[in-house]
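> Build me a model:
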Amino acid sequence: MGILICFAPPTSLPPSREIFRVLDLMKMDVINFTIRDLRPELQRQSVEYERAKFQNILEKTPGALDHTTSWIRGALEELLAVLNPVEQGPGKGQRALPGPFLVMDTAFLRILSWDPAKSPFPE
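Below is the predicted model of the structure:
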């Protein structure tokens, strides 16, 4: 290709820069629209992909979730040991079950002090 030589006066340069700036903004707008338009399809496909990948891992190693199950069960047992029995209600003396978020919070806090020499990390 040849070399483009511009013999325009210096006053015409700022409008051309403005045109390129607007073109860049338009390009970003088109990209954002495309991403927003494709997001539901990408999310659906990512869920299907992760589900298939997880199923593939479980088929290859059937005991793959054993460490994870024991990790969460240990957090639940730790919480049950700390919680007091419920005093009121029809089932007096029954323990209140902790919610799933409390169990997972406790489990993740246990990872901070995890000793991999005793047992491997959960998957």
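> what about residue 35, how many neighbours?
Around residue 35 there are 10 other residues, counting by other Cβ atoms under 10 Å. Quick note: C-beta positions are derived from backbone N, CA and C, even for glycine.
> So it, which state does it fall into?
Secondary structure for residue 35, judged by DSSP: H, G, I helix; E, B strand; the rest coil, is helix.
> Helices along this protein, start to end?
13-60, 66-82, 100-112 (DSSP state H).
> what separates residue 46 from residue 110, distance-wise?
Distance of residue 46 to residue 110, computed by Cβ to Cβ, to the nearest Å: 29 Å.
> Neighbour count for these two, which is higher?
Neighbours per residue, other Cβ under 10 Å: of residue 46 and residue 110, the larger number sits with residue 110, 15 against 10.
> Can you name the residues that contact the more buried one?
By Cβ atoms under 8 Å, 6 or more residues apart in numbering, the residues touching residue 110 are 71, 74-75, 78.
> again, 6 Å this time
residue 75 (Cβ atoms under 6 Å, 6 or more residues apart in numbering).
> next one: residue 72
Contacts for residue 72 (Cβ under 6 Å, 6+ apart) come out as residue 107.
> how far away is it from residue 56?
Distance check for residue 72 against residue 56: by Cβ to Cβ, it reads 22 Å.
> rewinding a little: any chance of the helices of the chain in a markdown table, with mean pLDDT too?
Below are the helices of the chain laid out as a markdown table (pLDDT from 0 to 100):
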| stretch | mean pLDDT |
| --- | --- |
| helix 13-60 | 90 |
| helix 66-82 | 90 |
| helix 100-112 | 93 |
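> Can I get those helices in TSV including distance to residue 120?
Putting the helices of the chain into TSV (distance: least, Cβ to Cβ, whole Å) gives the following:
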stretch	distance to residue 120
helix 13-60	15
helix 66-82	6
helix 100-112	12
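> Ok, which of these comes nearest residue 123?
For residue 123, the closest of the helices of the chain is helix 66-82, at 5.3 Å, according to Cβ to Cβ.
> how near is the closest residue to residue 120 other than its chain neighbours to residue 110?
Distances taken as Cβ to Cβ, 6 or more residues apart in numbering place residue 67 nearest to residue 120, at 5.7 Å, with adjacent residues excluded. Relative to residue 110, residue 67 is positioned 12 Å away (Cβ to Cβ).
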